[in-house]
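Undergrad: One predicted model, sequence on top.
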Amino acid sequence: MTPELTILTLAALLQVLQFAAYSVTANRQVGTKTALGPRDTPVQLTGTAGRLQRAMTNHFEGLILFTIACTVITLSDQSTPFTTACAWVYLIARLLYVPAYAFGLSPWRSFIWLIGFGATALMLLAALL
């Protein structure tokens, strides 16, 4: 397995942890009855639960591009120390993004997001060069 695919797997596990953190905080906020119900009426989460939900959704969005980058790099046999470093930067940025979002650390949350996004974009550009 390439280093990029290993890091992609770690990023997926981070998503699992984010889902768990969001689920626990959301259940605490809305209660078991609502959490287990049919949710015919959308529930608007607030505070930490809402921020964790948005951070998780944001990671799903970023994970799509990162997965494409890792797949292209791996299938085209273009793994280099640069692309591996970019993958690590993405993962570290995503690890920092979760608490930055959960604690409402503005503008740091946006800056951290930009670093992860930039690392993914650089991986995609590296695959074309």
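TA: Perfect, I can see it now.
Undergrad: rest of the way, CA atoms for contacts and neighbours
TA: Noted.
Undergrad: other SSEs contacting the lowest-mean-pLDDT helix or strand in the chain?
TA: Sorting the helices and strands of the chain by mean pLDDT, DSSP states H and E puts helix 32-36 at the bottom, at a mean of 76. With contacts taken as 3 or more Cα pairs under 8 Å, 6 or more residues apart in numbering; DSSP states H and E, helix 32-36 sits against no other helix or strand.
Undergrad: I'd like the next helix or strand past that helix.
TA: Counting by DSSP states H and E, the next helix or strand C-terminal to helix 32-36 is helix 47-75.
Undergrad: tell me what that following helix is packed against?
TA: Secondary-structure packing of helix 47-75 (3+ Cα pairs under 8 Å, 6+ apart): helix 3-30, helix 81-102, helix 108-128.
Undergrad: Tell me which residues are up against the shortest one.
TA: It refers to helix 108-128. For helix 108-128, contacts defined as Cα atoms under 8 Å, 6 or more residues apart in numbering pick out 62, 65-66, 69-70, 72-73, 76, 78, 83, 86-87, 89-94, 96-97, 100-101.
Undergrad: In the protein, which residue sits furthest out from the middle?
TA: Lys33 (28.8 Å; Cα atoms, centre = their mean).
Undergrad: who touches that residue in this structure?
TA: With contacts taken as Cα under 8 Å, 6+ apart, Lys33 has no neighbouring residues.
Undergrad: gap between it and Ser79?
TA: Using Cα to Cα, to the nearest Å, one gets 49 Å for the distance from Lys33 to Ser79.
Undergrad: What is the neighbour count of Asn58?
TA: Neighbour count of Asn58, defined by other Cα atoms under 10 Å: 15.
Undergrad: er, Phe111 actually
TA: 13.
Undergrad: how much distance is there from the least confident helix or strand of the chain to the middle of the chain?
TA: How far helix 32-36 lies from its chain's middle: 26 Å, per Cα atoms, centre = their mean, to the nearest Å.
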